[in-house]
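A.B. asks: Got a predicted structure plus its sequence, pasted below:
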Amino acid sequence: MQLLESRIAHHQTSSSFDCLPISHVPLFDSINNADVREQLYTQYRQVIEQSKMDMFNLYISSATAQMQHYQRQHNDQIKKMPQDRCSLPQDQKLTPIMIDLIEQRANINAERIESIYNFKAQTLSIH
């Protein structure tokens with residue numbers, strides 16, 4: 001989540017409204033009164049900026065909810081593993097060595113994921 005939030009924060013600070021394709025609306029040029037034109041453009045800009053913020057907030061909350069869902073699902077499956085092992089017939093049970101190998105593999109995968117996360121975080125902070 002921190003990576004997503006930092007990326008969004010970076011995007012918010014680096015992307016200017018004036019660079020957006022919707023920043024210039026030809027309809028505003030047809031308004032003769034400069035004060036009205038400026039007021040409408042300011043309101044338009046505020047609506048766009050607020051919509052962008054709302055979209056980013058929705059994206060973060062959706063990603064957070066999804067992360068929490070998968071974390072709960074993972075925790076439930078971890079809790080269920082000992083019960084499943086005990087309910088298997090003796091000839092189908094995993095040996096302690098096999099269980100240890102599976103745990104080692106899971107730890108290696110977790111380390112790889114952390115390394116990838118750190119690499120991406122470092123790469124994104126450079127840009």
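C.D. replies: Arrived safely, thanks for sending.

A.B. asks: got the CA coordinates for stretch 48-62 in CSV?
C.D. replies: Extracted in CSV, the C-alpha atoms of stretch 48-62 (Å, rounded to 0.1, in the frame of the first residue of the first chain):
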residue,chain,number,x,y,z
ILE,A,48,-11.3,18.5,-12.3
GLU,A,49,-8.8,18.6,-9.4
GLN,A,50,-11.4,17.4,-6.9
SER,A,51,-12.5,14.6,-9.2
LYS,A,52,-8.8,13.6,-9.6
MET,A,53,-8.4,13.5,-5.8
ASP,A,54,-11.6,11.6,-5.4
MET,A,55,-10.5,9.0,-8.0
PHE,A,56,-7.1,8.5,-6.3
ASN,A,57,-8.8,8.2,-2.9
LEU,A,58,-11.2,5.6,-4.3
TYR,A,59,-8.4,3.8,-5.9
ILE,A,60,-6.5,3.6,-2.6
SER,A,61,-9.5,2.5,-0.6
SER,A,62,-10.3,-0.1,-3.1
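
A.B. asks: residues of it that come out buried?
C.D. replies: Phe56 (16 or more other C-beta atoms under 10 Å). Bear in mind the C-beta positions are built from the backbone N, C-alpha and C, glycine included.

A.B. asks: again, but for stretch 110-124
C.D. replies: Buried-residue list, stretch 110-124, by 16+ other C-beta under 10 Å: empty.

A.B. asks: what pLDDT, on average, does it get?
C.D. replies: The average pLDDT within stretch 110-124 is 85.

A.B. asks: Please apply the same query to stretch 74-83.
C.D. replies: Rounded mean pLDDT across stretch 74-83 is 86.

A.B. asks: And for it, what's in contact with it?
C.D. replies: By C-beta atoms under 8 Å, 6 or more residues apart in numbering, no residue outside stretch 74-83 reaches it.

A.B. asks: where do the helices sit along the chain?
C.D. replies: 2-14, 26-29, 34-87, 96-126 (DSSP state H).

A.B. asks: Can you tell me which helices and strands the last one packs against?
C.D. replies: This means helix 96-126. helix 2-14 (3 or more C-beta pairs under 8 Å, 6 or more residues apart in numbering; DSSP states H and E).
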